[in-house]
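Enquirer: just coords:
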């Protein structure tokens, strides 16, 4: 028997696209974006930040303007309160860069960030950048003073650089445990410094592939429920049939089990699981109760970007059946 739980739904800070629709594509259309919002909303995600990865300047301009026009419609204002820019201020090294296109990676600069804000209608809520880059701390201070949350990711950084960014206002780590090469220094790496700094909230992708279960448990123990944020890192390939697909200049493979990766490099290509899928994976592993799930998948992400949860108080998109969540839309 299902019952309504006082859990409005999920708020996702990292959505790259869905059902074949890519927010970083130079061919994105408004009707596709609208379709994507409505389809994702059916899965219990009542709000999210459309995320653009490292892109050409003209694609940033085109797509941010396009998506901002859509989000201004009354139907979507609460669902899309802003955007997440993942890049272009990231490491250009293989492994740390992930599947971001190398040719569009840029050094941190206030001038280019201002352009991004203008194109987005002053709606950037979150930006992911690498801690070790020259100019990163200056840009971090500028953004946080402007009310934009800074998360660290796709970085070849250690304790010194990450601490310096936290001192400058950085408040989170993007997909902690990912966006790094398979082989790293056992001590001087982005993992330990990020885990140790209590000022940095951990954004985690819990799809059974991005993080092995012991790593996910370790993050939860180190950060605690109040400093952990569940994100989907949802890929444009999510929702499509298993097989080979073209994504961000790479051929990626979506397995029958949901495993999505570049078969050549072996690196992951975002996730194929929605927030609903990820939440049920965590509950199945008995890592937390429903109250804690509400914290990491709804309250904490909103708090990071400064949005009151009361905006969604009339929404009921999730129901509980035993210890399993289902979308009620």
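Expert: Done, it's in. This one's a predicted model, so the numbers in the text were calculated from it and none came from an experiment.

Enquirer: List phi and psi for the closest residue to residue 117 other than its chain neighbours.
Expert: With sequence-adjacent residues excluded and distances taken as Cβ to Cβ, 6 or more residues apart in numbering, residue 117 is closest to residue 124, at 5.6 Å. For every residue, glycine as well, the C-beta is placed using N, CA and C. Backbone torsions for residue 124, taken as degrees, to the nearest 10, come to phi -70, psi 120.

Enquirer: Please name the bridge partners of residue 124.
Expert: residue 83 (DSSP bridges).

Enquirer: May I have the predicted confidence score for it?
Expert: Residue 124 is assigned 98 on the pLDDT scale.

Enquirer: Could you do the one 10 residues further on as well?
Expert: Per-residue pLDDT puts residue 134 at 97.

Enquirer: Against residue 110, how distant is it?
Expert: As defined by Cβ to Cβ, to the nearest Å, residue 134 lies at a distance of 13 Å from residue 110.

Enquirer: How about residue 63?
Expert: From residue 63 to residue 110 the distance is 21 Å (Cβ to Cβ).

Enquirer: out of these two, which sits in the more crowded spot?
Expert: When neighbours are counted by other Cβ atoms under 10 Å, residue 63 comes out ahead of the other of residue 63 and residue 110, with 24 against 14.

Enquirer: thinking again about what came up before, burial count for the residue nearest to residue 117?
Expert: 24.

Enquirer: How about the contacts made by it?
Expert: 82-85, 116-117, 148 (Cβ atoms under 8 Å, 6 or more residues apart in numbering).

Enquirer: Going by length in residues, pull out the top strand of the protein.
Expert: Across the chain, the longest stretch assigned as strand under DSSP state E is strand 45-53.

Enquirer: what bits of the stretch 201-329 of the chain have low per-residue confidence?
Expert: 329 (pLDDT under 70).

Enquirer: quick one: the helices in it?
Expert: 213-223, 275-284, 290-294, 300-304 (DSSP state H, counting those that start in this stretch).

Enquirer: could I get the ones you listed as CSV with mean neighbour count and distance to residue 163?
Expert: Converted to CSV, the helices of the stretch 201-329 of the chain look like this (neighbours: other Cβ atoms under 10 Å; distance: least, Cβ to Cβ, whole Å):
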stretch, mean neighbour count, distance to residue 163
helix 213-223, 16, 16
helix 275-284, 21, 29
helix 290-294, 18, 28
helix 300-304, 21, 19
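
Enquirer: Out of those, which is closest to residue 198?
Expert: Closest of the helices of the stretch 201-329 of the chain to residue 198 is helix 213-223, at 8.0 Å (criterion: Cβ to Cβ).

Enquirer: contacting residues for the spatially closest residue to residue 273 that is not a sequence neighbour?
Expert: Excluding the flanking residues, the one nearest residue 273 by Cβ to Cβ, 6+ apart is residue 207, at 4.2 Å. By Cβ under 8 Å, 6+ apart, residue 207 lies in contact with 232, 258, 271-273, 277-278, 281.
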